[in-house]
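Participant: Need coordinates for the following:
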Amino acid sequence: MKATTISVHWHDECQPVYSINFQPGTVPALRLATAGGDNNVRLWRLKHNSQKEPSVEYLCTLRKHTQAVNAVRFDASGRMLASASDDGLLLVWTLSQEVVTDFGHQDDDAVESWSVLQVHNTNLEIYDIAWSPDLARVAVACMDNTLKVYNIERGLREAEMATHAHYVQGVAWDPKGEYLATLSADRSVHVHKIESLLDTFKLSLLLKTYKTDQYGQLVSVLREKGVSTAEKKPVHLFYSETLQSFFRRLAFSPDGSLLLAPLGVFKKEDETAADSQTEGATNEFVSLNTVYVFIRSGLDRPPVCHIPGLPKPAVAVSFSPLMYKLSGNGSPVFALAYKMIFAIATQNSVFIYDTEKLQPLGMVNNLHYLTITDISWENDGQALMVSSAEGFCSMVAFEDGVFGELMEGQKEVKPPKVEPKLDARPVNTLPVRRAEAKPAQSLISQFVAAPIIVKDEPSTLQTSSKDNELASQNQNLVPEEQNKKRVVPTLLQDYK
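Facilitator: The predicted structure follows:
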């Protein structure tokens with residue numbers, strides 16, 4: 001594994017790079033898209049030699065946004081590009097047949113042009129977007145606490161869900177097309193069931209997870225130390241808005257069997273304090289940065305396990321597009337016939353895991369001075385791009401075969417058979433169901449937190465003093481832009 005920071009001015013005046021995404025369909029990817037604080041989207045071609053040394057070629061700049069661009073995503077075919085900004089606009093782009101120069105801008109280095117296919121106005125800032133697997137829709141996570149779905153084939157807003165109590169900062173679309181998941185600054189994950197018949201598209205709330213009661217820990221403590229069985233106050237699963245982070249980018253696995261949610265916080269009993277405390281004293285808990293794991297067969301239930309040990313809060317999760325054969329060393333954590341590779345980006349580091357063991361395969365630390373904002377895998381799974389708020393991007397390259405042997409039929413990455421139908425009615429096909437992932441009995445006991453669902457969550461969020469203290473230690477400092485103002489989630493009052 002080799003990490004390199006690419007010394008290129010990705011955006012004007014070294015403005016932050018808020019999002020990054022490879023174009024699917026070919027190996028290597030033909031284009032790499034970046035979204036910046038200079039209000040622009042830029043397209044690049046990434047190259048790296050046999051020594052894994054990267055170089056980039058500038059392709060063009062897309063200039064229609066008027067404020068910082070927070071998210072950029074290609075559709076699964078690679079033919080359309082969606083971008084979302086603080087100006088509240090969702091823009092859908094397509095490649096032009098000839099190079100066109102924007103009025104008032106001289107760009108002699110541009111080798112291609114992209115034109116705007118559709119414009120959708122949400123009126124407020126957009127933090128994250130996700131394409132549907134059939135290329136027909138784009139889901140939008142908005143600052144007005146809503147999830148919106150736009151039909152690109154018909155050019156209209158098709159659904160809106162206002163189930164969150166704070167900014168929605170992450171959205172992920174199930175690869176099988178059955179679910180939409182969102183993660184909000186209200187400290188909850190919502191999973192929405194998609195109901196699509198003929199010309200109708202509806203969403204229904206399937207899961208609303210806020211807290212855990214630590215039941216799994218209490219059982220082991222009772223057996224070993226015989227402490228009181230009094231019920232303990234539930235604690236939140238995720239960081240509050242006091243943690244300064246614009247994004248909470250959650251992700252489904254390529255087969256749809258797993259959903260990983262970042263910015264998790266796990267309350268663990270302080271064993272040192274528990275050993276020394278006097279009778280009748282309250283138990284002390286320490287907060288651990290973590291990522292929570294949901295399984296497809298339990299998307300209507302709380303997470304089955306979590307991935308602790310992160311030095312800083314996790315802001316993004318991304319899966320490699322490929323699947324690999326199991327190593328055969330011991331029982332896998334999940335009952336899957338293959339393993340998948342994924343990356344967790346914290347504020348200052350990147351961790352690589354596989355689903356077979358849920359143990360870190362490697363990590364890269366201190367790549368950038370300011371917080372990491374997004375991550376994206378190359379189509380061959382041999383490289384990972386990392387964007388940051390300092391205005392630079394890095395590439396993490398992996399040696400051939402480091403993740404094991406590919407599953408059959410994955411040696412070449414091909415575009416999906418489905419193509420965008422911009423002049424046709426929506427195509428509603430039922431997804432093929434695969435074997436659902438179920439947790440095995442081997443390593444789950446090391447991670448399980450036994451969370452529960454709290455149905456009646458008060459609208460006013462409560463935050464403990466320890467949560468505020470931990471958040472203040474982990475908050476990242478994002479430089480303020482001249483003549484621009486970004487809204488950072490801030491706790492106004494702490495209600496006890």
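Participant: what's the closest non-adjacent residue to the residue positioned nearest the centre of the chain?
Facilitator: In the chain, the centroid-proximal residue (CA atoms, centre = their mean) is residue 249; its distance is 2.3 Å. In space, and not counting its chain neighbours, residue 249 is closest to residue 316: 3.9 Å by CB to CB, 6 or more residues apart in numbering. (C-beta placed from N, C-alpha, C; glycine too.)
Participant: The one you found pairs with what?
Facilitator: Legend: beta-bridge partners of residue 316 under DSSP bridges are residue 249, residue 345.
Participant: I'd like to know how many residues surround it.
Facilitator: As a burial measure, residue 316 scores 28 neighbours (other CB atoms under 10 Å).
Participant: Contacts only, for it.
Facilitator: 247, 249, 251, 262, 344-345, 372-375 (CB atoms under 8 Å, 6 or more residues apart in numbering).
Participant: go with 7 Å
Facilitator: 247, 249, 262, 345, 374-375 (CB atoms under 7 Å, 6 or more residues apart in numbering).
Participant: Residue 101: which element?
Facilitator: Taking DSSP states H and E as the definition, one finds residue 101 inside no helix or strand.
Participant: nearest spatial neighbour of it, skipping sequence neighbours?
Facilitator: That would be residue 107: by CB to CB, 6+ apart, it lies 6.2 Å from residue 101.
Participant: Can you report phi and psi for the residue nearest to residue 69 when sequence neighbours are not counted?
Facilitator: Residue nearest to residue 69 in three dimensions, not counting chain neighbours: residue 35, with 3.7 Å by CB to CB, 6+ apart. With angles defined as degrees, to the nearest 10, residue 35 sits at phi -120, psi 130.
Participant: do residue 298 as well
Facilitator: The phi/psi pair for residue 298 (degrees, to the nearest 10) is phi -130, psi 30.
Participant: confidence score at it?
Facilitator: Residue 298 is assigned a predicted lDDT (pLDDT) of 89.
Participant: Pass me the low-pLDDT residue ranges in the stretch 101-250 of the chain, would you?
Facilitator: 210-233 (pLDDT under 70).
Participant: Repeat the analysis, applying 50 as the threshold.
Facilitator: Within the stretch 101-250 of the chain, the stretches with pLDDT under 50 are 215-230.
Participant: Please enumerate the strands of it.
Facilitator: Remark: strands assigned in the stretch 101-250 of the chain by DSSP state E, counting those that start in this stretch are 114-121, 126-131, 137-142, 147-151, 156-161, 168-173, 179-184, 189-197, 200-209, 211-212, 235-236.
Participant: Now render the ones you listed as TSV, adding mean neighbour count and distance to residue 63.
Facilitator: Below are those laid out as TSV (neighbours: other CB atoms under 10 Å; distance: least, CB to CB, whole Å):
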stretch	mean neighbour count	distance to residue 63
strand 114-121	16	10
strand 126-131	25	18
strand 137-142	26	20
strand 147-151	22	22
strand 156-161	16	25
strand 168-173	26	25
strand 179-184	26	30
strand 189-197	19	34
strand 200-209	16	32
strand 211-212	22	44
strand 235-236	20	41
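Participant: Throw the ones you listed into JSON lines and include distance to residue 83, thanks.
Facilitator: Listed next are the strands of the stretch 101-250 of the chain as JSON lines, based on distance: least, CB to CB, whole Å:
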{"stretch": "strand 114-121", "distance to residue 83": "10"}
{"stretch": "strand 126-131", "distance to residue 83": "8"}
{"stretch": "strand 137-142", "distance to residue 83": "10"}
{"stretch": "strand 147-151", "distance to residue 83": "13"}
{"stretch": "strand 156-161", "distance to residue 83": "17"}
{"stretch": "strand 168-173", "distance to residue 83": "15"}
{"stretch": "strand 179-184", "distance to residue 83": "19"}
{"stretch": "strand 189-197", "distance to residue 83": "23"}
{"stretch": "strand 200-209", "distance to residue 83": "23"}
{"stretch": "strand 211-212", "distance to residue 83": "35"}
{"stretch": "strand 235-236", "distance to residue 83": "32"}
